[in-house]
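Trainee: I'd like to go over a predicted model; first the sequence, then the structure.
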Amino acid sequence: MGLKHTSSGYFSQIYVFLNQTTFWNFSLDDELYDSGAKDETESENPAMKALLIIAYSVIIVISLFGNSVVCHVVIKSKRMHSVTSLFIMNLAIADLMITLLNTPFTLVRFVHSTWVFGRAMCHVSRFAQYCSVHVSALTLVAIAVDRHQLIMHPMKQRMSRVKGLVWIAVIWVMASSFSLPHAIYQQLLRFEYGEVRVICLPSFPAPSDLFWKYLDLATFVLLYVLPLSIISVAYIIVAKKVCVHNTIGDVTLAQSIAHRRRKRMTVKMLVLVVAVFAICWFPLNCYVVLLSSKVIQANNAVYFSFHWFATSSTCYNPFIYCWLNHNFRAELKALNFKSRCKTTPRLS
């Protein structure tokens, strides 16, 4: 859609609408379309550009490296082919998806104050961004439920890898379904205001304000409140069980202590992963709900601070696994040793 207007009132209306739709369609500069706009906006500030480029680049590099290592270890190591490891790899894939299809788009859009990725990516990026976060939330729920079943019902057969893969497929289908409305109702606007600008923004059915408000609320519940409630209940029950009861099959006191320590470390690792997700995404989720409900006004500095904090969650999980998962550390060292042996020439 190509549009050319010169009325500052029109651009002010566009800006007001954009400021109400900034969860994934990142907010533009506060004074860009105001009739009294200054020549230098936030996105044209060299110091702000440099800060954001450095901050987001750190996330991209660490996340790409760390989550790629997680996937490599799970795929290459047979001992890591458990259901929990498959779920952890699914988390890493979702984090890679955020890193590749969310973070760079945010950065480039802010630096250039325009959409440069074309009409198709306007829809695709919107879908990918929502889908990846839904996958993370649903995968954390699956891990919590699996851990609950394993510890609370140790005599029952554990979920097989095939069933785990089926659940992963179900997670992606559900995440895709939740994300489709955000991808479908997207459009590309092109206009001239000093220079050509292109905006990728949602276009919801009337009444658009109510549609967007309740879509944000529904997303907040499905993406954050409901998953974390289920996870919290599951891990509280598991923690009580692990702290009080011995593992069935323990023969000696030493075995009992060792089993309990391993279970505690596993639960601690998984709870920490959930805590990182909950803490990192809470400010942005609250900001979005308050913004779409018109309780607060849009603010670029606040938005990008919250967005950076949220996407930084993709960096932490690999370090948590290395810190609290003995098997992961051992397999990582083993793979590293094997790779060194292959690259080191043998002496004849």
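Mentor: Sure thing, it's come through.
Trainee: state the distance from V302 to L223.
Mentor: Using C-beta to C-beta, to the nearest Å, V302 is found at 20 Å from L223. Where you see a C-beta, it was placed from the backbone N, CA and C, and this is true even at glycine.
Trainee: and those two? which has more neighbours close in?
Mentor: Each of V302 and L223 has its neighbours counted (other C-beta atoms under 10 Å); L223 has more, 20 against 16.
Trainee: where does that one land in three-state SS?
Mentor: State at L223, reduced to three classes by DSSP: H, G, I helix; E, B strand; the rest coil: helix.
Trainee: what's the closest non-adjacent residue to L180?
Mentor: Leaving aside its chain neighbours, L180 sits nearest to F127 (7.0 Å; criterion: C-beta to C-beta, 6 or more residues apart in numbering).
Trainee: count the residues that sit near that neighbour.
Mentor: So F127, with other C-beta under 10 Å, has 20 neighbours.
Trainee: from I60, how far off is it?
Mentor: The gap separating F127 from I60 is 20 Å, by C-beta to C-beta.
Trainee: how about the top helix by length along the chain: buried residues?
Mentor: Looking across the chain with DSSP state H, the single longest helix is helix 253-292. Of all the residues in helix 253-292, those buried under the rule 16 or more other C-beta atoms under 10 Å are 259-260, 263, 266-267, 269-274, 276-278, 280-281, 284-285, 287-289, 291-292.
Trainee: likewise stretch 85-101?
Mentor: Under the neighbour-count criterion of 16+ other C-beta under 10 Å, stretch 85-101 has 85-99, 101 buried.
Trainee: do the same with stretch 296-316
Mentor: For stretch 296-316, burial by neighbour count (16+ other C-beta under 10 Å) applies to 298-300, 302-304, 306-308, 310-316.
Trainee: closest to T114 among those?
Mentor: Nearest to T114 out of the buried residues of stretch 296-316 is N300 (C-beta to C-beta; 15.1 Å).
Trainee: got the contact list for I296?
Mentor: By C-beta atoms under 8 Å, 6 or more residues apart in numbering, the residues touching I296 are Y287, L290.
Trainee: rerun at 7 Å
Mentor: I296 makes contact with L290, according to C-beta atoms under 7 Å, 6 or more residues apart in numbering.
Trainee: equivalent analysis for A55, please.
Mentor: W308.
Trainee: from W308, how far off is it?
Mentor: According to C-beta to C-beta, A55 and W308 sit 6 Å apart.
Trainee: repeat for N102
Mentor: Separation of N102 from W308 (C-beta to C-beta): 11 Å.
Trainee: same thing with H112?
Mentor: Counting by C-beta to C-beta - H112 and W308 are separated by 18 Å.
Trainee: and if you look at P318?
Mentor: Distance of P318 to W308, given as C-beta to C-beta: 19 Å.
Trainee: now do the SS call for the residue nearest the centre of the chain.
Mentor: Centroid check for the chain by C-alpha atoms, centre = their mean gives V133 as the closest residue, at 4.1 Å. Secondary structure for V133, judged by three-state DSSP, is helix.
Trainee: what sits against it?
Mentor: So V133 contacts I98, L223 (C-beta under 7 Å, 6+ apart).
Trainee: any idea how far it is from E331?
Mentor: 28 Å.
Trainee: what does the pLDDT read for the residue nearest to the centre of the chain?
Mentor: Reported pLDDT at V133 in the predicted model: 90.
Trainee: list the contacts of I230.
Mentor: Applying C-beta under 7 Å, 6+ apart to I230 gives the contacts V141, A144.
Trainee: where's it relative to H148, distance?
Mentor: Between I230 and H148 the distance, using C-beta to C-beta, works out to 10 Å.
Trainee: what's the answer for E192, then?
Mentor: Taking C-beta to C-beta, one finds E192 at 58 Å from H148.
Trainee: quick one: which of the two has more around it?
Mentor: Neighbours per residue (other C-beta under 10 Å) separate E192 from H148, with H148 holding more: 19 against 12.
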